[in-house]
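Q: Sharing a model that was predicted from the sequence below.
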Amino acid sequence: MAIFKKSDDNGSQARPSRSKNGLVIGSTLVIKGDLSAAEDLIIECQIEGTIAHHKKHLTVGEQGRVKADIHASSVTVLGQLIGDIHSEGMVTLGKGANVKGNIFCSRLVVEDGARFIGNIDMGEQPKVIVPKEPVQAEPVHTVKPHTVAGHTKKPSVY
């Protein structure tokens with residue numbers, strides 16, 4: 001975890017913090033390269049490279065500045081992102097999101113105030129199954145004329 005340690009003016013080392021939503025990578029860090037993790041991440045720092053986070057949730061926080069292609073189970077963007085998002089789950093662009101790139105996902109939520117420039121691909125749509133035989137409509141009630149003493153009487157129309 002040496003990549004996450006940074007000394008402050010007092011010589012003490014700053015470490016990533018944990019929230020109930022996952023590991024928070026702080027705003028004072030700058031990461032260039034590939035990032036992967038096996039737990040939920042909240043990115044509040046500057047990252048340039050690629051992010052592979054296939055089985056967990058990734059959040060680009062309000063302070064996050066990311067130039068990377070993201071591959072994650074689900075993604076929430078609240079800060080800035082330049083790059084493509086690949087997700088087999090849901091992608092959420094929050095109120096303060098500023099995204100330039102393409103989104104490939106199965107579900108997408110764009111909150112009021114989010115900015116997005118790019119294309120969206122939500123995968124193949126489910127195929128419509130057409131029945132081989134025509135569907136029969138419900139029978140229509142018909143009124144038959146009836147016979148009175150050998151004469152056919154037409155039904156009255158109301």
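A: Yep, it's here. Residues are numbered from 1 along each chain as shown.

Q: residues of stretch 27-42 that come out buried?
A: Neighbour counts using 16 or more other CB atoms under 10 Å place L29, I31, L35, A37, D40, L41, I42 of stretch 27-42 among the buried residues. To be clear about C-beta, it is placed using only N, CA and C from the backbone, and glycine gets the same treatment.

Q: L108: neighbour count?
A: 15 (other CB atoms under 10 Å).

Q: Tell me the backbone dihedrals of it, please.
A: phi -140, psi 130 (degrees, to the nearest 10).

Q: what's the longest strand in the chain?
A: strand 46-60 (DSSP state E).

Q: Sheet partners, orientation included, of that strand?
A: Here strand 46-60 has these sheet partners by DSSP bridges: strand 30-36 (parallel), strand 41-43 (parallel), strand 65-77 (parallel).

Q: Nearest to S74 among the buried residues of stretch 27-42?
A: Closest to S74 out of the buried residues of stretch 27-42 is D40 (9.4 Å), distances taken as CB to CB.

Q: any idea how far G123 is from V60?
A: 22 Å (CB to CB, to the nearest Å).

Q: and these two? which has more neighbours close in?
A: Between V60 and G123, counting by other CB under 10 Å, V60 is the more crowded of the two (30 against 10).

Q: That one touches V66, doesn't it?
A: Yes: using CB atoms under 8 Å, V60 is in contact with V66, at 5.3 Å.

Q: Nothing else from me, thank you.
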